[in-house]
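1. Give me a 3D structure for the following:
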Amino acid sequence: MPLRISILYPVSCIKKFSKKYTKYIILNTKYRKSKGFTLIELLVAITIIGILASIVLFSFDKAREKARDSRRKNDLAAIKAATVLYYQDLGYFPPNPVTYPSIVYTSDTGKNWLPEMEEYIKDLPQDPKQAGINLNKFLANILTISPRPVYGATADIWVSNDGNSWTSRAFGYPGTSPIAYDISSYSPNYDYVLDSNKNIYQYYPSSSSWSILTTCTPCTNPVDFTVVSDLGDEYYDVLDASGNIYRWVPRSHGRSAWETLTSGFPGGTAKAFYSRSTGAVVLAQNGSIYYSSGPGSWSTLATGYPGTNPIDIKAQSGNNLNFVLDASGNIYYTGISGWQTYASGYPGTVAKDLGYFNKVLDTNGNIYSANGGTSWTTDATNFPGGEVVELEDHFRTRVFAKPGVQPQPSDQPVPSSGPTQPPQPGPSGDCSIKKDIYCYIVSEDRQEFILWAQLENKNDPEAAGKDSAICNENPPSVNFNYCLISPR
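-> Numbers count the residues shown, from 1 in each chain. Next up is the predicted model:
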C-alpha cells in the first residue's frame, strides 16, 4: 500500500522521511560557520608568491644575459677567424675595396652583412637580440604573398648535359667585356672571368654571387687568363698582347702581389697560353710556340705553323706535345717530329675555343670532340646562351657566354630583371646609433679591422676598460663595450 503523508506532519517527520528515502538531510544553516580563506590570508599568500616569482625571474634573466654575452663573444671570435682566413687567401681583410668601398659594416643590414665571406663562414652571426626582429620578419614574409619573380636577367655560365640539354649555372656577370674564362682544378665550384678592365671576377655558387677577386694592375691589353693549381695552392696568370705573363700569388709568402712570370717575348703578338708552376707555353699570332721558365728566359718549341688564324693552344703531354686549334676547326700538334695534323673536316661553324680533351666550341655554342683524322663526335647542340666566350672541360663541360638570352625558371636563383649593372657599394652600416648589433670597422688599406659588440653585463671582466679586457680601443658609440682586433 503506498505511503501517504500529510502536509500537517511535523517537520521532524519530514526530516526523517528525507533521510530514509532520499539520503538527503534538510539542514538548518542559520548558525553554520563558513569555511575558506579570509581576504587578509589571500593577500599574504599572493604577496609571498609574487616575491618568490620575482626572485626566480631575476635569476632567469641574469642567466639569459650571461648566455647571450657568451654567444656574443663566440660570434665575434668566429667572425675574426673567418676574416683571418680571408686575409691569408687574398692579402687584405674583407671586403674587396674595389667592389665595397665602405669601411663600416653592421649586422642589421642583412644576412650577408659582411660581403665576400660566404666561403669562409657558413652563416654570418648576428646579435642574439636580433633574433626576435628576424622572427617578426619571417612571420611577416609567411603572411605576405610574394609576386611571381620576373626572369629578365641573362645566364652567363651554362653546363652541358650532353646532347641538346643545358643547365644554367650563373647569372648577373658584373664585369665589362669578358676576355677569358677558367675554373679551379681544386675547387670546381669556382668560376673565374677576366674582363677588358683587367678585373678577375669569381663566382660563388653557394651564394649565387660575383665578386672581384683582384685587378691585374701591371697588365696592358690582356688576351688570356688561366688558373694554375700546384700542390694545394693556386695562382692566377694573365697574358697580355706583348707576351708578358703576370702571376697573382694570393697564398704564398708574397701574398696578393702581382709577379712578372715572363717578359721579353720573342714571338711578336701573343695569342694564347697555358701555365704551370714551373713556366708557361705561349702561342704567337703567327702560330709559333715558345716556352718560358722565367723573365727573359725563352726557348722556341715550334715555328712554321701549317694552319691559318690560330686560336688556342692546349697541352696534352708536357711541353713536348702541344695542340693548336685554328678558326677552321683544324687541330695541329707539334712534338719531336714537328707539326702534324690531328683533326680536320670540322663539322661546326667558326671554331671558338679548344678544350683540354680536344673538344672544340664553335661560335654557335655547339661542342664537338675530335677523335683524330676526320672523325668527330657531336657532344652538345642547341646552346641556349648568348655569344660564347670560352669552354672549360676539366670536369663537366661549361661554357661562358656574354649575356644575350632570357632563361626559363630553374632551380638556380634568379636575380631581378633588367640589364647587368656594375658592382654597387655593398651593405654598409652605422655603428653610432643602433644598439644590439655587431659592428665591423676595417681600415682604408684593409690591413686592420676591429669588431664590436654590446655585452649586457657592464661589469664583465673582458669588457673594454676592465682589467682583463681583450681590447681597449675607443668604441664607436656608448652602445659598445666589447671588441676584438685583427692580428698584428
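2. Would you check that Ser168 makes contact with Trp158?
-> Yes - between Ser168 and Trp158 there is a contact under C-beta atoms under 8 Å: 6.1 Å. (Glycine included, C-beta is placed from N, CA and C.)
3. where does the stretch 251-400 of the chain dip in pLDDT?
-> Within the stretch 251-400 of the chain, the ranges that satisfy pLDDT under 70 run 251-256, 277, 316-320, 395.
4. One more pass at 50, please.
-> 252-254, 318-319 (pLDDT under 50).
5. Sketch out the helices for this structure, chain order is fine.
-> For the chain, helices defined by DSSP state H occupy the ranges 11-21, 39-90, 130-143.
6. list residues touching both of Ser168 and Trp158?
-> Pro384 (C-beta atoms under 8 Å, 6 or more residues apart in numbering).
7. Neighbour count for these two, which is higher?
-> Trp158 (26 against 21; other C-beta atoms under 10 Å).
8. Quick check: that one vs Lys466, distance?
-> According to C-beta to C-beta, to the nearest Å, Trp158 and Lys466 sit 57 Å apart.
9. now Gly329
-> Distance from Gly329 to Lys466, by C-beta to C-beta: 73 Å.
10. between these two, which one's more packed in?
-> Gly329 (23 against 15).
11. residues in contact with the more buried one?
-> Ala343, Ser344, Tyr346, Pro347, Gly348, Ala351, Val360, Asp362, Tyr368.
12. now swap in Asn309 and tell me
-> Asp326, Ala327, Ser328.
13. What is the burial count for the first one?
-> Yep, that's Asp326 we're talking about. Neighbour number of Asp326 under other C-beta under 10 Å is 20.
14. Then the last one?
-> Ser328 has 15 neighbours, counted by other C-beta under 10 Å.
15. Tell me which residues touch it, please.
-> Gly307, Thr308, Asn309, Tyr346, Ala351.
16. Check those against Asp127 and report the nearest one.
-> Comparing the contacts of Ser328 against Asp127 with C-beta to C-beta places Ala351 closest, at 56.3 Å.
17. wait, doesn't Phe383 sit right on Ser168?
-> No - at 11.6 Å, Phe383 does not count as touching Ser168 under the criterion of C-beta under 8 Å.
18. shared neighbours of those two, which are they?
-> Joint contacts of Phe383 and Ser168 (C-beta under 8 Å, 6+ apart) are Trp158.
19. list the contacts for Asp237?
-> Asp237 touches Phe225, Thr226, Val227, Val228, Ile245, Tyr246, Arg247, Trp248, Leu261, Phe273, Ser275, Ala280, counting by C-beta under 8 Å, 6+ apart.
20. want to throw those residues into CSV with neighbour count and distance to Pro205?
-> Listed next are those as CSV, based on neighbours: other C-beta atoms under 10 Å; distance: C-beta to C-beta, whole Å:
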residue, neighbour count, distance to Pro205
Phe225, 25, 20
Thr226, 21, 20
Val227, 21, 16
Val228, 20, 22
Ile245, 26, 29
Tyr246, 22, 27
Arg247, 20, 26
Trp248, 22, 22
Leu261, 22, 29
Phe273, 26, 27
Ser275, 25, 25
Ala280, 23, 29
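21. Now do the strands in the stretch 351-488 of the chain.
-> If DSSP state E, counting those that start in this stretch is used as the criterion, the strands of the stretch 351-488 of the chain fall at 351-354, 359-362, 367-372, 375-380, 388-392, 398-401, 439-442, 449-453, 482-485.
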